[in-house]
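K.L.:
Here is a sequence together with a model predicted from it:
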Amino acid sequence: MQLHVLLAPVLLKKVIGSIDELEISAITADSRLAGPGSLFVALRGHTVDGHDFVSQAVDRGAVAVVVERIIDNLSVPQIIVKDTRDVIPILGAVFYQHPSKSMKIIGVTGTNGKTTVTHLIDKILTDQGHLTGLIGTIKKRIGAQEFDMANTTPEALELQETFHQMREIGTVYPIMEVSSHALDLKRVAGTKFRTAVFTNLTQDHLDFHGSMDEYRIAKGKFFSRLGNTYGDKRDDSQFAVINADDPSAGFFVQQTVAQVVTYGINQTADVRATNVRIEAKGASFTLDSFAGTTEISLQMTGKFSVYNALAAAAACLCEGVPLSAIKSSLESVRGVDGRFERVAAGQDFTVIVDYAHTPDSLENVLKTIREFARGRVYTVVGCGGDRDRTKRPTMARIAAQYSDVAIITSDNPRTEDPERILDDMEEGLADCSRERYVRLTDRTEAIRHAIRLATEDDVVLIAGKGHETYQIIGKTKHHFDDREVAAKAIRGEL
Ligand SMILES: CC(=O)N[C@H]1[C@@H](OP(=O)(O)OP(=O)(O)OC[C@H]2O[C@@H](n3ccc(=O)[nH]c3=O)[C@H](O)[C@@H]2O)O[C@H](CO)[C@@H](O)[C@@H]1O[C@H](C)C(=O)N[C@@H](C)C(=O)N[C@H](CCC(=O)O)C(=O)O
Ligand SMILES: Nc1ncnc2c1ncn2[C@@H]1O[C@H](COP(=O)(O)OP(=O)(O)OP(=O)(O)O)[C@@H](O)[C@H]1O
Ligand SMILES: N[C@H](CCC[C@H](N)C(=O)O)C(=O)O
Ligand SMILES: [Mg+2]
C-alpha cells in the first residue's frame, strides 16, 4: 500500500523526507519484526521506549518510521505525530481495509466471565451454522486454526491482522474478550463492534488503573465508542448488552448510543432468570425474555454461571437466534477449560481447578462450593506477581473465610519475591487462627497438602491458574498444570 494512502486519515505534525512514491509491505511496532519494505511505529511502552529501536528497525529494512519526536541521522522518512498509540489502530485498520466493518464483532468486557461468555456465544452461533472466530485468554481461533495468546486482547496491529485473516476465510462473527488494559491502551480503537457485552465490575488491576473509578472509566470507553468508530454515524443495529444487577450498569447505559439490552436476576431486565436453582451438577433457571420463556439446565454450576448464560443468550437474541436453539446450545456446554473443572483420579472427594484470581470470582466460586459441599472445604490459592497488590490480603481473607483450611501459595510470582507476595496475602489473615491456614510457597507442595487433608465428601478448590500450563518465575515460564499436579497427588505419585 502507498504510504500516503495509509496516512490519509492521520493528523500529521510534520513529515521529514519524501513519502510520495513509498510502498509499504507491512507495519510493525516491534523493531525485531521489521523487514524490508516495512513501516515501523515507535510506541512508548511500560518497559522500554520504541523510539530507542528506530535505527534497529531501519537496519532490518524499514523504509519509513512513525515517531513522536525527530530521530537524528536517520536515512529514511520520518512521520511525526502527537501520539503513536492513537495512530497505530488507524494504520492497522486502513492497511487491512477495515476488516471489522464487514463482520459482526461481538466484544465482551468485565472483570470476570469474559472467557466463559465468549465461549458460550461461540457455541450458540457455531451451532447455528455461522463461521465464528475467537480471541481471548485461552486462545485465538481463526477458522479451525488455534494460536496461543500473549495477551487476552492483542495489540491493535495484531488485532486488525487477525480480523483480516478471519474475513478472508468468510468469518461472520469474531467473538472477543476486551480487557480494560486493551481499552486504556487503545488496542481496540479502529474496531467496529456489532455488540458490546458487559459482565461485571469488581476489584482487579488497580496496579494499572489506579482506582476503581479509573477502572470503570476504562471499561466505559467500550460503550461510549460503540456506534461512532471513525466518526461514522451510529449504525442502528448495534447493541450494548448489560448486566442490570451490577452497580455500574447505569454508568455504562449512559455511555452508549447503541440499543441497550439488559440481563439479570434481581433487577427487571430484558433477559431475566427467575427460579434459579444451584446444584453440584449444574445451575438451572427459567429464562424470561422479549423472545419468550424457556427452562434452562446448565451443566455449569454457580449463580455466576447463570449470569454468563444470560449474557450469552442476550447477545445471541440480538442476532435473532431462536430461544429454543439458545437453550439447547447452552445446555450442551460441559464447561470451559480451567473454569470450575473437576479433576477425577479415582478419589472419593471433589477436586476443582478454577481460574478465580480476583476477590469477587474467588468469593463466588467458594460460595457456590459451600452451597453443595457435604464435607470440609480446602482452598489452594496464590496471587500473581507484578500485578495488583491490593487484592492479595482480600483474596487470602476470602479463602480462609469460606474454607476449613486455606493453603496460600505461589501463582506466577514473576519478578517479585514469592515470600513478599505471601506476606501481603498473610496481612489479610491477621484475625484468622493459625489452624485455619497454611503457608506453602511451593505450589506442588500446597496442592499435595490439600489433597492429603481431604477425605470422603470434602472439596479441594485449586484457584487462580485454571487453564494455565505454566508457573512464571522471574521471566521464565516453567511447565505447571494444576490439573496434572492434582491428579498425581491423588494417585500418590508425588
Ligand atoms: C502493561 C502492558 O499491557 N504491557 C504490554 C506491552 O508491553 P510493554 O509496554 O512493556 O512494552 P515494551 O517492552 O516497553 O515495548 C515498547 C515498544 O517497544 C517495542 N520494542 C521493544 C523491544 C525491542 O527490541 N524493539 C522494539 O521495537 C515493543 O514492540 C513495543 O512496541 O506491550 C506488549 C507487546 O504487545 C504486551 O505483550 C504487554 O503485555 C504484558 C505481557 C502484560 O502483562 N499485559 C497485561 C497487563 C495485560 O495487558 N493484560 C490484559 C488482560 C487483563 C485481564 O483482564 O485479566 C490483556 O489484555 O492481556
Ligand atoms: N460472571 C461471573 N462473575 C463472577 N465470577 C465469575 C463469573 N464468571 C466466571 N467467574 C469466575 O472467574 C473466573 C474467570 O472466569 P473467566 O475466565 O470467564 O473470566 P475472564 O473475565 O475472562 O478473566 P480474565 O480477565 O483473566 O481473562 C472463573 O474461573 C470463575 O471463578
Ligand atoms: N489476565 C490476568 C490473569 C491472571 C492469572 C493469574 N494466574 C496471575 O498470574 O495473576 C492478569 O494478567 O492479571
Ligand atoms: Mg479471559
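P.N.:
Sure thing, it's come through. Ligands and ions are numbered 1, 2, ... in the order given.
K.L.:
Up against ligand 2, what does the stretch 351-494 of the chain have?
P.N.:
Within the stretch 351-494 of the chain, the residues that sit near ligand 2 (C-beta under 6 Å from any ligand atom) are 354-356, 360-361, 364-365, 466. For glycine as for every other residue, the C-beta is placed from the backbone atoms N, C-alpha and C.
K.L.:
now the stretch 151-300 of the chain
P.N.:
Near ligand 2, when you scan the stretch 151-300 of the chain using C-beta under 6 Å from any ligand atom, you find 152, 177, 199-200.
K.L.:
residue contacts, the residue of the stretch 251-400 of the chain at minimum distance from ligand 4?
P.N.:
Residue of the stretch 251-400 of the chain nearest ligand 4, by C-beta to the ion: Y355 (7.8 Å). Contact analysis of Y355 by C-beta atoms under 8 Å, 6 or more residues apart in numbering lists 115, 338-339, 361, 463-468.
K.L.:
Which of those sits closest to ligand 1?
P.N.:
Of all the contacts of Y355, ligand 1 sits closest to T115, with 9.3 Å by C-beta to the nearest ligand atom.
K.L.:
mind checking how far that closest one is from K139?
P.N.:
The gap separating T115 from K139 is 10 Å, by C-beta to C-beta, to the nearest Å.
K.L.:
ok, the two, which is more surrounded?
P.N.:
T115 (24 against 15; other C-beta atoms under 10 Å).
K.L.:
quick one on the thing from earlier: make TSV out of the residues of the stretch 351-494 of the chain next to ligand 2 and add distance to R397.
P.N.:
Formatted as TSV, these follow (distance: C-beta to C-beta, whole Å):
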residue	distance to R397
D354	18
Y355	20
A356	14
D360	13
S361	15
N364	15
V365	15
G466	21
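K.L.:
What about L362? Give its phi and psi, please.
P.N.:
phi -60, psi -40 (degrees, to the nearest 10).
K.L.:
who's in contact with it?
P.N.:
Counting by C-beta under 8 Å, 6+ apart, L362 has contacts 356, 381, 395, 398-399, 463.
K.L.:
Count the neighbours of the residue lying closest to it once chain neighbours are set aside for me.
P.N.:
Spatial nearest neighbour of L362, chain neighbours left out: A356 (4.3 Å); criterion: C-beta to C-beta, 6 or more residues apart in numbering. If you count neighbours by other C-beta under 10 Å, A356 ends up with 28.
K.L.:
Quick check: A356 touching T368?
P.N.:
No. In this structure A356 lies outside contact range of T368 using C-beta atoms under 8 Å: 10.3 Å.
K.L.:
circling back to that earlier point, got a winner among the residues of the stretch 351-494 of the chain next to ligand 2 for most neighbours?
P.N.:
A356 (28 neighbours).
K.L.:
returning to that earlier point: could you dump the contacts of Y355 into a markdown table with pLDDT, secondary structure and distance to A26 added?
P.N.:
Shown next, in a markdown table, are these (pLDDT from 0 to 100; DSSP: H, G, I helix; E, B strand; the rest coil; distance: C-beta to C-beta, whole Å):
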| residue | pLDDT | secondary structure | distance to A26 |
| --- | --- | --- | --- |
| T115 | 97 | helix | 30 |
| G338 | 97 | coil | 35 |
| R339 | 96 | coil | 37 |
| S361 | 94 | helix | 39 |
| A463 | 98 | strand | 42 |
| G464 | 98 | coil | 38 |
| K465 | 98 | coil | 36 |
| G466 | 97 | coil | 35 |
| H467 | 97 | coil | 32 |
| E468 | 97 | coil | 32 |
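K.L.:
could you give me the average pLDDT of the host helix or strand of K221?
P.N.:
Using DSSP states H and E, the element containing K221 is helix 212-225. In this model, helix 212-225 has a mean pLDDT of 86.
K.L.:
CA atoms only: put that helix into PDB for me.
P.N.:
C-alpha atoms of helix 212-225 as PDB (Å, rounded to 0.1, in the frame of the first residue of the first chain):
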ATOM      1  CA  MET A 212     -12.000   1.700  40.800                       C
ATOM      2  CA  ASP A 213     -13.200   5.000  39.200                       C
ATOM      3  CA  GLU A 214     -10.400   4.900  36.600                       C
ATOM      4  CA  TYR A 215     -11.000   1.200  36.000                       C
ATOM      5  CA  ARG A 216     -14.800   1.900  35.400                       C
ATOM      6  CA  ILE A 217     -13.900   4.800  33.100                       C
ATOM      7  CA  ALA A 218     -11.600   2.500  31.100                       C
ATOM      8  CA  LYS A 219     -14.400   0.000  30.700                       C
ATOM      9  CA  GLY A 220     -16.900   2.800  29.900                       C
ATOM     10  CA  LYS A 221     -14.800   3.600  26.800                       C
ATOM     11  CA  PHE A 222     -16.000   0.400  25.200                       C
ATOM     12  CA  PHE A 223     -19.600   1.600  25.400                       C
ATOM     13  CA  SER A 224     -19.100   5.300  24.600                       C
ATOM     14  CA  ARG A 225     -17.200   4.400  21.500                       C
END
